[in-house]
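[1] Model the structure of this input:
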Amino acid sequence: AKMTSSSFSSDASNISTSTSTNPTALPSEEALEILLSPDGYYTYLNIPKPDPSLLTSQFASQHPSLASAPDAYDNAIDLDLVKKNYRRLSLRHHPDRKTGDPETFRILHRAKVVLSSAKLRREYDLVGLDLDDEDDLDGHHHEDGGSHSHSHADGDA
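    Numbering: from 1, shown residues only. Presented below is the predicted three-dimensional model:
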């Protein structure tokens, strides 16, 4: 009997610690509201927003090599967590599901794309909103043969 109680308690503690990084799937309308609000991509996917000091000029002047290096930005976010949380939420919002909604699913996917890309994320952080949402979906196709640039963008997913 002792064994079961101890293994149960360790399970419970595991659950409570892991929920801190797990995103909470919300009804489509609420989810969209969050995703479309400033910094909502971070909020809904439950990703800690990188320290803004990585972006400030003061930081840049103190650490010129770091600030100019794209990886200061790449390392500021846990890409595995982005993927994991996206996967969890996308199951909930997938249009094939009862709880799903095509628009929420689309924005959710866009959130993953933006948070996974240092360049897009930098733009998103500066404004707090995703200005390129629409044109990114079809804009890429006109740049250089579409399919090529698209497969490249998803290369590290």
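[2] Okay, helices next: where are they in the chain?
    For the chain, applying DSSP state H gives helices covering 2-18, 28-35, 40-45, 57-62, 64-68, 70-74, 79-93, 102-116, 118-127, 133-143, 147-153.
[3] Could you list the low-pLDDT ranges of this protein?
    1-20, 51-75, 132-157 (pLDDT under 70).
[4] again, only using 50
    Within the chain, the stretches with pLDDT under 50 are 2-18, 67, 135-157.
[5] how about Y124, what does it touch?
    Residues in contact with Y124 (Cβ atoms under 8 Å, 6 or more residues apart in numbering) are Y41, V114, L115, D130. Every residue, glycine included, has its C-beta placed from N, CA and C.
[6] er, T99 actually
    A25, P27, S28, R92, H93.
[7] ok, the third one touching R106?
    No. The pair formed by S28 and R106 falls short of the contact definition of Cβ atoms under 8 Å, at 11.3 Å.
[8] The residue nearest to V113 when sequence neighbours are not counted: neighbouring residues, count only.
    Spatial nearest neighbour of V113, chain neighbours left out: L120 (6.8 Å); criterion: Cβ to Cβ, 6 or more residues apart in numbering. Using other Cβ atoms under 10 Å, L120 has 18 other residues around it.
[9] Go ahead and confirm L120 touches V114.
    Yes. At 4.4 Å, L120 counts as touching V114 under the criterion of Cβ under 8 Å.
[10] any residues in contact with both of the two?
    Contact criterion Cβ under 8 Å, 6+ apart; residues shared by L120 and V114: D130.
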